[in-house]
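Peer 1: Predicted model, plus sequence, below.
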Amino acid sequence: CPVSANHRCASHIAVPPASEFNIAMASSEVTADTQGKEEAIETGNWLLDNLLRPGSSTSKGTLSFLNKVFYLLFASILFLMWMTDFGNIHTYVFIFLALGLYFSVRFFVAELKKAQAEGKLGGDADEEERQREQEQEEMSRKLEQEEEKRRREQVAAMETRKDR
């Protein structure tokens, strides 16, 4: 590949030897600098865990966060419309699509809350998970029983061969 002052490709990037990388990864010493990075990562994981857990879509914090994101989206589109002197058709289409998304999400959340209030969604995910776990345990027990049966048959077959 051609080499220029700003060009970077895999063949020109310095990679530390594997042994140095493994030593750095295996080190358990945490400095003040890396501790701050780990706290930021844990905060990010906390945010994702809270957003992705079942039932979080109707929590007040999630809805508030989602509304703020939509408001920022609308503000940025209106800013783009203002910058183009309200003459660009693409910004009108974009704001129409954003409004459609906003109202469809609000409709979905309202229907979800209504279904939860009626008791249609209360605990279904937990019950399905328990049922899946029970099915997996039952399948593993059946497999163990079949394996034990095959072992007994093999032992019996070996004993009949010895008797001959």
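Peer 2: Nice, I can see it.
Peer 1: Leu80 and His90: what is the separation?
Peer 2: Per C-beta to C-beta, to the nearest Å, Leu80 is found 9 Å from His90. In this view, the C-beta of every residue, glycine as well, is placed from N, C-alpha and C.
Peer 1: So those two - more neighbours on which side?
Peer 2: A count of neighbours by other C-beta atoms under 10 Å puts Leu80 above the other of Leu80 and His90, at 15 against 10.
Peer 1: Could you pull up the residues touching that one?
Peer 2: Asn88, Thr91, Phe94 (C-beta atoms under 8 Å, 6 or more residues apart in numbering).
Peer 1: Show the backbone phi and psi for the second one.
Peer 2: Backbone torsions for Thr91, taken as degrees, to the nearest 10, come to phi -70, psi -30.
Peer 1: what's the burial count for it?
Peer 2: Thr91 has 18 neighbours, counted by other C-beta under 10 Å.
Peer 1: Just confirm it contacts Phe74, I think it does.
Peer 2: No - in this structure Thr91 lies outside contact range of Phe74 using C-beta atoms under 8 Å: 11.5 Å.
Peer 1: By mean pLDDT, point me to the weakest helix or strand of the protein.
Peer 2: The weakest-scoring helix or strand in the chain, judged by mean pLDDT, DSSP states H and E, is helix 18-26 (a mean of 48).
Peer 1: Can you pull out the low-pLDDT segments for the protein?
Peer 2: 1-44, 46-47, 57, 121-126 (pLDDT under 70).
Peer 1: Helices of that one, start to end?
Peer 2: Using DSSP state H, the helices of the chain run over 18-26, 32-52, 60-83, 89-118, 124-163.
Peer 1: need the contact list for Glu147.
Peer 2: By C-beta under 8 Å, 6+ apart, Glu147 has no neighbours at all.
Peer 1: how long is stretch 53-66 from one end to the other?
Peer 2: Across stretch 53-66, the terminal residues are separated by 16 Å (C-alpha to C-alpha, to the nearest Å).
Peer 1: if we look at it, which residues are touching it?
Peer 2: For stretch 53-66, the external contacting residues (C-beta under 8 Å, 6+ apart) are Asn50, Leu51, Val105, Val109, Leu112, Lys113, Gln116, Ala125.
Peer 1: Can you get me a residue count around Leu73?
Peer 2: Leu73 has 16 neighbouring residues, counting by other C-beta under 10 Å.
Peer 1: And it, how far from Thr58?
Peer 2: Distance of Leu73 to Thr58, given as C-beta to C-beta: 21 Å.
Peer 1: Thanks a lot, see you next time.
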